[in-house]
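[1] requesting a structural model of the entry that follows:
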Amino acid sequence: MNKAATTALSAAIAAIVLPLFAPQSLSQSIAMAYAMPERMTGVIAMMPMLGYAVGLLLLVPMIDVFGIRRVILVTLFVGVGALGLTATSHRGAFLLVSVFVVGMATSATQMVVPLAANLARGTDLGRTIGKVMSGLMIGVLLSRPAASFLGGLTGWRGVFVVEDVALGVVWFAFLCRLPRETQSSNLSYVTLLVSLWPILRDEKVLRRRVACQALCMGAFGAFWTAVPLLLSTPPFELTQIEIAAFMFAGVGGAIVAPLAGWAADRSRSEEATRLAHALVVVGLVLAVTVSGGWVGIGGSTEPRVALAFMVLSAVVLDMGVVGDQTLGRLAVNSLRPEIRGRLNGLYTGLFFVGGGGGSALAGLAWSKGGWSWVCILGLCFGASAFTFGALTAPREKKLEQAQA
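    Got it, this is the predicted structure:
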């Protein structure tokens with residue numbers, strides 16, 4: 001894992017995750033193309049997310065039995081085919097099935113992370129995972145705005161064509177460059193799935209890191225679900241393209257991933273975790289005080305200043321979420337190398353519940369009290385992460401010192 005290889009994996013994982021959130025930006029156009037009722041837009045956006053969750057549970061653990069190279073190549077090959085079918089489908093029901101399969105294929109991102117961990121030297125594990133994680137988060141944060149921009153130029157089918165080509169390039173590169181594996185396991189697939197619960201029960205670090213990241217993702221989901229509603233209303237009144245441009249601000253948060261890995265390599269993961277949780281809280285405080293008008297710089301009087309602070313709050317919040325996720329993923333991948341597939345599947349699948357909960361509650365908070373209530377909801381998530389992380393830190397700190 002030299003610098004070039006780490007950069008290549010970072011770019012590959014960004015390309016793999018792009019299709020996951022694209023339907024959220026394209027759902028209205030897709031629904032109109034198939035004459036679907038408006039209520040179906042939510043189903044279109046949900047299907048790839050549901051597929052992703054299924055992939056985390058059923059596909060990612062398979063790397064512990066069948067080998068990372070084989071599972072990644074098969075998963076991405078299916079993803080290439082599913083994206084092609086999505087771009088060319090002429091029936092709404094067929095499209096829903098194909099985007100579900102696309103979501104399952106994007107779970108390969110959680111196979112690339114343990115791949116990088118396996119290839120990295122022990123002293124560079126944090127730096128390597130941090131850089132790969134920065135690629136993942138850049139892909140996640142670029143997915144929605146990139147789909148909006150590209151959809152405006154090529155139509156929604158063109159977005160899936162471009163993503164299909166990109167995924168095909170990644171598949172071919174992996175086919176040519178991934179090292180062949182000689183190790184095998186006699187564990188059956190059913191036994192593999194049954195083993196997930198004992199792993200979750202026995203690995204205290206995994207449970208702690210899942211809880212911290214689930215709370216951070218709750219704040220993340222609440223913010224990014226409601227911010228388009230805020231920006232489309234007075235005094236901002238941004239267009240759809242302008243809102244997409246605002247979403248690019250979140251990409252700035254990905255810069256923290258390599259820094260978090262650097263801190264972990266120097267046995268400073270707990271201090272970095274506290275800082276990450278504090279950033280989540282600070283980001284939401286910035287959002288609510290400025291745009292809510294609580295400090296005399298309300299959007300109604302200074303919309304440009306308020307918008308600038310909203311960009312800053314988005315970057316700070318995302319830095320906190322990405323930092324905690326990078327540190328959590330490093331801690332999880334340091335536990336038991338022989339079961340990294342199941343560890344990553346459990347970690348990502350469970351904290352994803354937090355993001356979904358934050359998104360769901362954001363709609364309710366917005367309807368009840370607008371943006372201020374959404375930010376208060378996010379602050380509750382962020383403060384809970386900070387408090388829980390601080391209270392449970394000593395146990396993981398002892399483990400980190402023992403490993404050092």
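
[2] for Phe352, what are its contacts?
    Tyr52, Ala53, Leu56, Met217 (Cβ atoms under 8 Å, 6 or more residues apart in numbering). Any C-beta I mention is one placed from the backbone N, CA and C, and that applies to glycine too.

[3] so after the helix or strand containing Asp64, what's the next helix or strand?
    Assigning secondary structure by DSSP states H and E places Asp64 in helix 63-66. Using DSSP H and E, the helix or strand that directly follows helix 63-66 along the chain is helix 68-88.

[4] Cys176 and Arg69, how far apart?
    Relative to Arg69, Cys176 is positioned 11 Å away (Cβ to Cβ, to the nearest Å).

[5] now the angle from the helix or strand hosting Ile376 to helix 68-88?
    Taking DSSP H and E as the criterion, Ile376 maps to helix 340-391. Put simply, helix 340-391 runs at 90 degrees to helix 68-88, going by axes from the mean of the first three to the mean of the last three Cα atoms, to 10 degrees.

[6] give me the domain ranges for this protein.
    Listed by automatic domain parsing, the domain ranges of the chain are 1-188, 195-404.

[7] what's the least confident stretch among the ones you listed?
    Among the domains of the chain, domain 195-404 carries the lowest mean pLDDT, a mean of 83.

[8] who's in contact with the closest residue to Glu338 other than its chain neighbours?
    Closest residue to Glu338 apart from its sequence neighbours, by Cβ to Cβ, 6 or more residues apart in numbering: Asp64 at 7.0 Å. Listed by Cβ under 8 Å, 6+ apart, the contact partners of Asp64 are Ser185, Leu187, Leu192, Glu338, Ile339, Arg340, Gly341, Arg342.

[9] on that earlier part again, most neighbours out of the contacts of Phe352, which is it?
    Tyr52 (27 neighbours; other Cβ atoms under 10 Å).

[10] state the helix or strand in which it lies.
    Counting by DSSP H and E, Tyr52 is found in helix 40-58.

[11] centre of the chain to that helix, how far?
    14 Å (Cα atoms, centre = their mean, to the nearest Å).

[12] could you dump it to PDB, C-alpha only?
    Extracted in PDB, the C-alpha atoms of helix 40-58 (Å, rounded to 0.1, in the frame of the first residue of the first chain):
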ATOM      1  CA  MET A  40     -43.600   7.200  -5.300                       C
ATOM      2  CA  THR A  41     -40.700   9.600  -5.300                       C
ATOM      3  CA  GLY A  42     -39.900   8.600  -1.800                       C
ATOM      4  CA  VAL A  43     -39.900   4.900  -2.800                       C
ATOM      5  CA  ILE A  44     -37.500   5.500  -5.700                       C
ATOM      6  CA  ALA A  45     -35.100   7.200  -3.300                       C
ATOM      7  CA  MET A  46     -35.500   4.500  -0.600                       C
ATOM      8  CA  MET A  47     -34.900   1.400  -2.800                       C
ATOM      9  CA  PRO A  48     -31.100   1.800  -3.200                       C
ATOM     10  CA  MET A  49     -30.800   2.600   0.500                       C
ATOM     11  CA  LEU A  50     -32.700  -0.600   1.300                       C
ATOM     12  CA  GLY A  51     -30.500  -2.500  -1.100                       C
ATOM     13  CA  TYR A  52     -27.400  -1.100   0.500                       C
ATOM     14  CA  ALA A  53     -28.600  -2.300   4.000                       C
ATOM     15  CA  VAL A  54     -29.300  -5.700   2.600                       C
ATOM     16  CA  GLY A  55     -25.900  -5.800   1.000                       C
ATOM     17  CA  LEU A  56     -24.200  -4.900   4.300                       C
ATOM     18  CA  LEU A  57     -25.900  -7.700   6.000                       C
ATOM     19  CA  LEU A  58     -25.700 -10.400   3.300                       C
END
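
[13] the helices in the stretch 101-250 of the chain, which residues?
    109-119, 125-154, 156-177, 189-194, 196-202, 204-231, 240-247 (DSSP state H, counting those that start in this stretch).

[14] among these, which is nearest Pro19?
    Pro19 lies closest to helix 156-177 among those, at 4.8 Å (Cβ to Cβ).

[15] residues contacting the closest one, please?
    8, 12, 15-16, 18-19, 22, 26, 29-30, 33, 69, 72-73, 76-77, 79-80, 83-84, 86-88, 105, 147, 150-151, 154.

[16] quick one: work out the angle between that helix and helix 109-119.
    Going by the same axes, to 10 degrees, helix 156-177 makes 20 degrees with helix 109-119.

[17] how far off centre is stretch 12-31?
    With Cα atoms, centre = their mean, you get 13 Å for stretch 12-31.

[18] repeat that for stretch 140-158.
    Centre to centre, stretch against its chain (Cα atoms, centre = their mean), the figure for stretch 140-158 is 18 Å.

[19] over to stretch 372-381?
    Distance, centroid of stretch 372-381 to centroid of chain: 20 Å (Cα atoms, centre = their mean).

[20] what comes up buried for that stretch?
    Ser372, Trp373, Val374, Cys375, Leu377, Gly378, Leu379, Cys380, Phe381 (16 or more other Cβ atoms under 10 Å).

[21] coming back round to it: and the gap between the residue nearest to Glu338 and Leu350?
    Asp64 is 18 Å from Leu350, where distance means Cβ to Cβ.

[22] check contacts around Ala31.
    With Cβ under 8 Å, 6+ apart, Ala31 has these contacts: Pro37, Glu38, Met40, Thr41, Ile44.

[23] follow-up on the earlier one: between Cys176 and Arg69, which one's more packed in?
    Arg69 (18 against 7).

[24] the nearest residue to Met62 once chain neighbours are set aside: neighbouring residues, count only.
    With sequence-adjacent residues excluded and distances taken as Cβ to Cβ, 6+ apart, Met62 is closest to Val71, at 5.0 Å. Counted with other Cβ under 10 Å, the neighbours of Val71 add up to 20.

[25] give the contact list for Val71.
    Counted by Cβ under 8 Å, 6+ apart, Val71 has contacts Leu59, Met62, Ile63, Met111.

[26] next up, the contacts around the nearest residue to the first one once chain neighbours are set aside.
    Meaning Leu59. Leaving aside its chain neighbours, Leu59 sits nearest to Ser107 (5.3 Å; criterion: Cβ to Cβ, 6+ apart). Shown in contact with Ser107 (Cβ under 8 Å, 6+ apart): Tyr52, Gly55, Leu56, Leu59, Val60, Thr75, Gly345.
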